[in-house]
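**Q** Here's my sequence, what's the structure:
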Amino acid sequence: MRFEEQVREVDDEVASRRKRRRESEARGEPVPPSEPVIEVRSPVARRSRRGWIVVLLLVVAAAGAAYWLHPVQLQQQGGHRGGGRFGGGGQAQPVAVAPVTQADIPIVLEALGTVTSLSTVTVRAQVSGQITQIGFTEGQNVKKGDFLAQIDDRTLNASLHQWQGQLEHDQALLADAKLDLDRDLKLTSNAITQQAVDLQRATVQSEEGTVMSDQAQIESVQVNIANSHITAPADGRIGLRLVDQGNYVTPGDATGIAVIAQMQPISVLFSLPEDSLAEVLEQTHGNATLKATLFDRDDTKQVAEGTLQTIDNQIDPTTGTVKLRAVFPNADGALYPNQFVNVHLLVRTLTGVAVLPNAAIQHGAPGTFVYQLNDDNTVSVKTVSLGPGNATVTQLISGLPQGARVVIDGVDRLKDGAKVTVPDNAAPAAGTATPAQPQAGSGSTPAGAAAANTANAPANRGNAPAASSGQNDGSAGQGADASGDASGKKHHRHHRRDGSGNAGGGNGSDSGDSQ
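**A** Okay, here's the model as predicted:
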């Protein structure tokens, strides 16, 4: 009722204002501006508008919830259908497998090396003078004693003649002094005194010394004349000419005339970590030689083969490495001093050992493990003990029987007991790998590579996802390194596999889902 009264009052007020306005207009008086009339609305109308706003907000919230929940449901449904590692049972996961085989594993240590000549000689002038003749061609292979250059020796020849004349003069004086001494000795004691005899004897000795000095001067000049005729001091390849004909040279010149470097044989200096020294020393006891192979800068093309010659007598404390020298015949002249090469030192060869593809090796909470394929198309987590290895395979010490099949691709979505399927082209026969002789320095094992490459799928050495996180973060994508290693591209300078986590697989952890 109160609301109806307020409405009536407002209507009366509006009517009164309109009436006063008309009266003022009729009298010609200025019309004052009308005051705003407060509109009074029903509380029911206000509650009705507020209700529509609430309903609209609820509709928007429901639409947002449906939008966000729908992809999650699809993802959960997809994970259930795919049998994911954390999604429980479902459709079997396709994988690629390879068998545990026997093969030879060459243990190869790799290092960066620099080609160094065993003899590098700078040919310098030993006398001063003008170069009158150049007797070599740049880049020529020379032998010891070959003529290289001639220095003007006319002044030296003149000096030689001068000293030869002086020698003749002093020899004549010596002969005269000796005759006088003989005459004095034949005379009686009453004819000459003893003092005179002693003086003549001293004169003879003085002349003898002068003659010897003249002979030494002549020999010195003869040596200088010989040095003006410059010859090769050693065998090797002569480099670019550093002084042209007509220049005046002296023994103090810093550049010299040319440089001769011995090319055959030639050596390579390289360094190895001190941790590898004991293994190398063990193999070199008893004068045993280790085979060294050189590869080009890209570490893909073999350049030369040689043997390890010597090991330095001390370790560099700043780098923790020891220097070694290997010698190569270099019959084709492919190696040049200061050339950068990759050295592959074959330390030893493990013959007929059980090997695992590196792509199958994983690391996690159980330790170092692999997924073994069972007869019922399920996988089991098997902890393994590993030994040394190379870029493709690693020695299996214990944990799996011979011929057991292990998963090498698709391990990122597996867990213990998961169902899998093996495509026909990804299930190699157990006897595909055959032992082969190791290729020294190549860092690869043909038989082991066959075991690792029998599956046509790329090797997966990625990290095993941590089961405790409840997520699959795609760490298996890091397995590109493994496929690169399998193709011969070596990323690790020392092919050592000690089973401590460097044999393959990722660095991630795997919790109880892998047990």
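
**Q** May I see the buried residues of the biggest strand by length in the chain?
**A** Looking across the chain with DSSP state E, the single longest strand is strand 340-357. For strand 340-357, the neighbour count (16 or more other CB atoms under 10 Å) marks 341-348, 350, 353-357 as buried. For every residue, glycine as well, the C-beta is placed using N, CA and C.

**Q** same thing with stretch 309-322?
**A** In stretch 309-322, counting by 16+ other CB under 10 Å, buried: 309, 321-322.

**Q** now stretch 204-217
**A** Using 16+ other CB under 10 Å as the test for burial, stretch 204-217 gives 204, 207, 210-211, 214, 217.

**Q** and the residues you listed, which two are the farthest apart?
**A** 204 and 217 (21.0 Å; CB to CB).

**Q** From residue 206, how far off is residue 163?
**A** For residue 163, the distance to residue 206 equals 18 Å [CB to CB, to the nearest Å].

**Q** Residue 192 too?
**A** Applying CB to CB, the value for residue 192 to residue 206 is 20 Å.

**Q** in this protein, which spans are helices?
**A** 2-27, 43-82, 154-186, 194-228, 277-284, 446-453, 480-486 (DSSP state H).

**Q** so can I have a markdown table of these showing distance to residue 391?
**A** Below are the helices of the chain laid out as a markdown table (distance: least, CB to CB, whole Å):
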| stretch | distance to residue 391 |
| --- | --- |
| helix 2-27 | 92 |
| helix 43-82 | 32 |
| helix 154-186 | 65 |
| helix 194-228 | 57 |
| helix 277-284 | 18 |
| helix 446-453 | 9 |
| helix 480-486 | 4 |
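
**Q** which of these is buried the deepest?
**A** Comparing these by mean neighbour count (mean count of other CB atoms under 10 Å), helix 446-453 ranks first with a mean of 23.

**Q** quick revisit: now render the helices of the chain as a markdown table, adding mean pLDDT and distance to residue 128.
**A** Shown next, in a markdown table, are these (pLDDT from 0 to 100; distance: least, CB to CB, whole Å):
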| stretch | mean pLDDT | distance to residue 128 |
| --- | --- | --- |
| helix 2-27 | 75 | 129 |
| helix 43-82 | 65 | 89 |
| helix 154-186 | 92 | 9 |
| helix 194-228 | 92 | 9 |
| helix 277-284 | 89 | 50 |
| helix 446-453 | 37 | 64 |
| helix 480-486 | 37 | 62 |
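
**Q** Which of those helices sits closest to residue 255?
**A** Residue 255 lies closest to helix 194-228 among the helices of the chain, at 17.9 Å (CB to CB).

**Q** What helices and strands are in contact with that closest one?
**A** Contacts defined by 3 or more CB pairs under 8 Å, 6 or more residues apart in numbering; DSSP states H and E place helix 194-228 against strand 147-151, helix 154-186.

**Q** wait, which of the ones you listed is closest to residue 281?
**A** Comparing these against residue 281 with CB to CB, the closest turns out to be strand 147-151 (43.6 Å).

**Q** Provide the strand pairings for the closest one, with the direction of each partner.
**A** Note on strand 147-151: by DSSP bridges, its sheet partners are strand 129-134 (antiparallel), strand 229-231 (antiparallel).

**Q** which ones are touching the residue nearest to residue 203 when sequence neighbours are not counted?
**A** Using CB to CB, 6 or more residues apart in numbering and skipping residues adjacent in sequence, the residue nearest residue 203 is residue 177, 4.7 Å away. Residue 177 is in contact with 200, 203-204, 206-207, counting by CB atoms under 8 Å, 6 or more residues apart in numbering.

**Q** Try it again at 7 Å.
**A** 200, 203-204, 207 (CB atoms under 7 Å, 6 or more residues apart in numbering).

**Q** Pick the one among the residues you listed closest to residue 171.
**A** Distance to residue 171, by CB to CB, is smallest for residue 207 among the contacts of residue 177, at 8.4 Å.
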